[in-house]
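Participant: Provided below for reference: sequence and predicted model.
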Amino acid sequence: VKMNTRKIAKDYGLNVVHVNKNNIGRVAEKYDIDKKNLKNNAYVIDNEDIILGIFDDKDLKIASFFHEMGHTLIKESFEKLVNENNMLIESQAWIEGLRIAKKYGVKFSDKMFNYIMDSINTYYIP
């Protein structure tokens with residue numbers, strides 16, 4: 001399944017920047033992100049631009065795209081409700097992202113779900 005991230009993002013009023021070896025310097029400078037942080041990483045900037053870094057794994061890039069989309073749907077009221085708890089906010093962003101993916105017929109593999117759990121666990125502070 002060929003997925004058009006730009007079209008999906010546009011449906012939500014967002015823009016996607018796909019980082020590659022030719023534009024990594026420009027993207028890093030424009031968005032003030034260290035180049036090394038544009039590897040296997042994604043960002044949402046000002047609820048407008050989704051920066052999709054250079055990923056080693058296409059599935060994880062897709063999962064990250066939907067996660068960043070999910071962040072744009074999280075309201076300030078939710079963040080206040082959970083006392084700005086990053087683990088809960090990140091979890092909610094994944095849930096919202098999964099809802100968007102489902103709407104577009106994108107199925108997540110077990111590897112993608114494991115990635116979600118690993119990502120959420122990085123916010124766990126005992």
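Facilitator: Yep, it's here. Quick caveat, the model's predicted, so the values are computed rather than measured. Numbering: from 1, shown residues only.
Participant: Y31 touches I45, doesn't it?
Facilitator: Yes - shown here, Y31 and I45 form a contact pair, counting by C-beta atoms under 8 Å, at 5.8 Å. All C-beta spots, glycine's among them, are computed from the backbone N, C-alpha and C.
Participant: shared neighbours of these two, which are they?
Facilitator: Common contact partners of Y31 and I45 (C-beta atoms under 8 Å, 6 or more residues apart in numbering): I51.
Participant: biggest helix in the protein by residues?
Facilitator: helix 86-103 (DSSP state H).
Participant: Can you show me the CA trace of the helix or strand that that one is followed by as PDB?
Facilitator: Tracing the chain past helix 86-103, the next element assigned as helix or strand by DSSP states H and E is helix 110-121. C-alpha atoms of helix 110-121 as PDB (Å, rounded to 0.1, in the frame of the first residue of the first chain):
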ATOM      1  CA  ASP A 110       3.400  -6.200  15.600                       C
ATOM      2  CA  LYS A 111       6.800  -4.500  15.100                       C
ATOM      3  CA  MET A 112       5.000  -1.100  15.000                       C
ATOM      4  CA  PHE A 113       3.000  -1.900  18.200                       C
ATOM      5  CA  ASN A 114       6.300  -2.900  19.900                       C
ATOM      6  CA  TYR A 115       7.800   0.400  18.800                       C
ATOM      7  CA  ILE A 116       4.800   2.200  20.400                       C
ATOM      8  CA  MET A 117       5.300   0.500  23.700                       C
ATOM      9  CA  ASP A 118       9.000   1.000  23.700                       C
ATOM     10  CA  SER A 119       8.500   4.700  22.900                       C
ATOM     11  CA  ILE A 120       5.900   5.200  25.600                       C
ATOM     12  CA  ASN A 121       8.200   3.400  28.100                       C
END
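Participant: what does helix 110-121 rub up against?
Facilitator: Contacts with helix 110-121, where a contact means C-beta under 8 Å, 6+ apart, come from 57, 59-60, 62-63, 67, 87, 90-91, 94, 108.
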